[in-house]
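**Q** The following comprises the amino acid sequence and a computationally predicted model.
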Amino acid sequence: MTFSFEAPGTPAPWTAWPKRGKPPVGFQRMKAWQVQLQVRARMAWGARDPLTGPVGLRFAFYMPKKAKGDLTNLVKAAEDALQGILIQNDKQVVHLEAAKTTIDRAEGLTVIWLTVEA
């Protein structure tokens, strides 16, 4: 089984927050993007339970020219957002593909494909 969905919004890389003081802007941006991913994932996935077996994930991150973020941290933030919706835990991911490209638009886009692995 292969499943895919799109989530508008500029991708934001995983950002740490030491839980002291006000959350940094990067952390706030990441959380807002994760909420967008979660809303779109829930809309597309419906009422199904999260998968519990091995899965493959493929990500395409379309970034506006001014947006920043390394590919590894984009994947980490996206995987964390999908936990509890499409998958139980990101430890289930046994195959991963990811790409990032810039686009000439004000807002970005993320496309996610999920494949059940045997």
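**A** Perfect, thanks for sending it.
**Q** ok, the closest residue to Ile103 other than its chain neighbours to Val94 distance?
**A** Nearest residue to Ile103, sequence neighbours excluded (CB to CB, 6 or more residues apart in numbering): Tyr62, at 4.7 Å. Backbone N, C-alpha and C define where each C-beta goes, glycine included. Tyr62 is 25 Å from Val94, where distance means CB to CB, to the nearest Å.
**Q** More neighbours: those two, which one.
**A** Tyr62 (20 against 13; other CB atoms under 10 Å).
**Q** wait, isn't the more buried one in contact with Gly108?
**A** Yes - if you go by CB atoms under 8 Å, Tyr62 and Gly108 touch, sitting 5.2 Å apart.
**Q** quick one: common contacting residues for those two?
**A** Common contacts of Tyr62 and Gly108 (CB atoms under 8 Å, 6 or more residues apart in numbering): Pro11.
**Q** End to end on stretch 84-98, go ahead and measure it.
**A** From its first residue to its last, stretch 84-98 covers 21 Å (CA to CA, to the nearest Å).
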